[in-house]
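Participant: model this:
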Amino acid sequence: MRLLVRLRCTEDGPYEMQYHYHLQGFIYRLLEGSKYHYVHDKEGYKFFCFSNVFPAYDLKAGDVRTLIISSPDSEFIEYLKGVLNKPWNVDVKVGSMKFKIDGVDKLDVRLPANSPFTLITGTPITIRIPREKYKTYGAEPKGSYEYVYWRSDQPIDLFVSQIENNLTKKYAEYFRLGNGNNVTERSEREIPRLFLFQKFKFKKQISTRVLMKGFDQVVIGTVWEFEFNVDANRDMIQFALDAGLGERNSMGFGFMNLK
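Facilitator: Predicted structure coming up:
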């Protein structure tokens with residue numbers, strides 16, 4: 001499930017590429033005083049993701065831009081829609097960029113039932129891999145960090161296995177917690193252990209700076225296309241489409257689109 005938010009620019013200005021922290025804070029403020037207030041302080045997976053404000057070029061007063069927020073929890077999306085329609089939330093500031101809300105629509109983007117399909121990254125996927133895991137692939141990352149962002153010059157199997165593991169854990173925790181509408185708690189045996197990426201195409205690598213825990217940090221992300229046949233595991237892929245792929249989804253990384 002996702003929410004499409006149309007934003008009308010209120011003044012001219014540069015497009016701010018380091019939007020992640022500001023948009024995350026904007027969403028957290030909307031959750032204050034609600035049953036979702038705990039999400040801000042929750043460790044680990046937050047079960048929401050968001051796009052950039054697009055199109056990504058300098059702002060002109062009166063222009064309309066778009067922001068999409070996604071989550072597997074339809075009640076979470078419904079809550080955001082309701083609170084964004086309140087008159088006191090008409091003004092939105094994302095860093096130095098200023099907007100007024102021009103409209104809010106709920107979208108239910110579903111995978112096709114009986115045909116192949118492709119997922120594309122709307123925002124780069126970030127994944128950190130334990131240094132020890134590199135050794136099993138005969139690779140030695142630079143530096144002495146315990147975890148290293150996957151880069152395009154490293155074994156692709158490392159990337160695929162890590163996003164599979166991340167998605168499986170995220171999926172298991174979500175259903176164990178019983179989030180969303182009509183969700184029942186599932187035993188470990190009922191949770192799929194493997195998410196099979198059937199075909200994947202690397203597009204490019206991106207480096208960006210993000211404010212995290214008061215520090216400006218460099219984040220390495222990659223852009224992909226993932227192709228799936230009719231026999232794909234649609235349950236888990238739908239979850240990936242809604243929750244995001246890789247890490248730091250609640251900062252807007254790994255936001256996925258159906259091509």
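
Participant: any idea of the mean pLDDT in the helix or strand harbouring L158?
Facilitator: Per DSSP states H and E: L158 is located in helix 156-177. Throughout helix 156-177, pLDDT has a mean value of 90.

Participant: and that helix, how far out from the chain middle?
Facilitator: 14 Å (Cα atoms, centre = their mean, to the nearest Å).

Participant: following the chain onward from it, which element is next?
Facilitator: strand 199-212.

Participant: so what does that following strand touch, helix or strand wise?
Facilitator: Contacts defined by 3 or more Cβ pairs under 8 Å, 6 or more residues apart in numbering; DSSP states H and E place strand 199-212 against helix 20-31, helix 156-177, strand 215-228. All C-beta atoms are positioned from the backbone trio N, CA, C, and that covers glycine.

Participant: for the ones you listed, which one sits closest to A139?
Facilitator: In this view, the helices and strands packed on strand 199-212 are compared for proximity to A139 by Cβ to Cβ, and helix 156-177 is the closest at 7.3 Å.

Participant: what residues of the closest one count as buried?
Facilitator: 158-168, 170-172, 174-175 (16 or more other Cβ atoms under 10 Å).

Participant: test my guess that V218 contacts S207.
Facilitator: Yes: using Cβ atoms under 8 Å, V218 makes contact with S207 at a distance of 6.1 Å.

Participant: which residues touch Y36?
Facilitator: Contacts for Y36 (Cβ atoms under 8 Å, 6 or more residues apart in numbering) come out as 76, 79.

Participant: pLDDT at it, what is it?
Facilitator: Looking at Y36, its pLDDT stands at 96.

Participant: likewise for the one 5 residues further on?
Facilitator: In the prediction, the pLDDT value recorded for D41 is 91.

Participant: ditto for E78
Facilitator: So E78 comes in at 97 (pLDDT).

Participant: so what touches the strand or helix carrying V83?
Facilitator: Using DSSP H and E, V83 sits in helix 74-84. Residues outside helix 74-84 that contact it (Cβ under 8 Å, 6+ apart) are 1-3, 5, 27, 30, 34-36, 47-48, 69-71, 89, 101, 104, 106, 179-181.

Participant: filter those down to the ones in strands?
Facilitator: 2-3, 5, 69-70, 101, 104, 106 (DSSP state E).

Participant: got the buried residues for the lowest-mean-pLDDT helix or strand in the chain?
Facilitator: When the helices and strands of the chain are scored by mean pLDDT, DSSP states H and E, helix 131-135 comes last with a mean of 75. With burial defined by 16+ other Cβ under 10 Å, the residues of helix 131-135 counted as buried are 131, 133-134.

Participant: which other helices and strands contact it?
Facilitator: strand 147-149, helix 156-177.
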